[in-house]
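J.: attaching a predicted model along with its sequence, questions to come.
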Amino acid sequence: MYIQVHGGTTTKDIRKKVRKAEEIAKENAKDHPNMFTVLFFDEANTTEAIGVIKEIMCDKSLGGKPIQIHERLKIIAACNPYRKHKEELVKRLEQAGLGYHVDADKTTDRLGRVPMRRLVYRVQPLPQSMLPLVWDFGQLNTRVEKCTSNRWFYDM
């Protein structure tokens, strides 16, 4: 089960998807006892509700109440990288206006010490208890990226 997380994804949305994934896992387990159901949160760190995803994955609870995750349900997540725009691009955006009426260094919207708009992706900091779960798979090289996108288009 795939969940495209974004800045507008709410705690309610996440809870609803987890409950739905539980139902699907139970049904799948009846028909295919050796099969896992996977709930995948894509771009998990783009929502301010990242704490709910952490609560589910790390604490096995929802709203502070313990949840019994079905043994055949696996929950995974992918996060966007914390990558900054090049200084040259930030300067060009500030000079052009485009909502950049305040210098990036003077904005209060930050991820740690870094102004959010200096980041390529608008991301939320991961909760400390999620950090041991992070694996950096790096970036695809150009050839693999081209093969992957060609395959996606072929499958459409």
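T.: Noted; the coordinates are in hand.
J.: quick one: Thr4 from Gly64, how far?
T.: Just to correct that, residue 4 is Gln rather than Thr. 26 Å (CB to CB, to the nearest Å). Where C-beta positions appear, they are placed from N, C-alpha and C, glycine not excepted.
J.: pull the distance from stretch 78-87 to the chain's centre.
T.: Distance of stretch 78-87 from the chain centroid (CA atoms, centre = their mean, to the nearest Å) equals 13 Å.
J.: neighbour count: Gln4 and Gly64, which is higher?
T.: Gln4 (10 against 7; other CB atoms under 10 Å).
J.: for that one, what are its contacts?
T.: 42-43 (CB atoms under 8 Å, 6 or more residues apart in numbering).
J.: any idea how far it is from Arg151?
T.: The value you get for Gln4 to Arg151, if CB to CB is used, is 19 Å.
J.: low-confidence ranges in the chain?
T.: By pLDDT under 70, the weakly predicted segments of the chain are 85, 97-121, 155-156.
J.: apply 80 and report the result again.
T.: 81-87, 89-122, 138-140, 145, 148-156 (pLDDT under 80).
J.: can you give me the strands for it?
T.: Secondary structure of the chain (DSSP state E): strands located at 2-4, 37-42, 61-62, 65-66, 73-77, 110-111, 114-115.
J.: mean neighbour count, those: which tops it?
T.: strand 37-42 (a mean of 19; mean count of other CB atoms under 10 Å).
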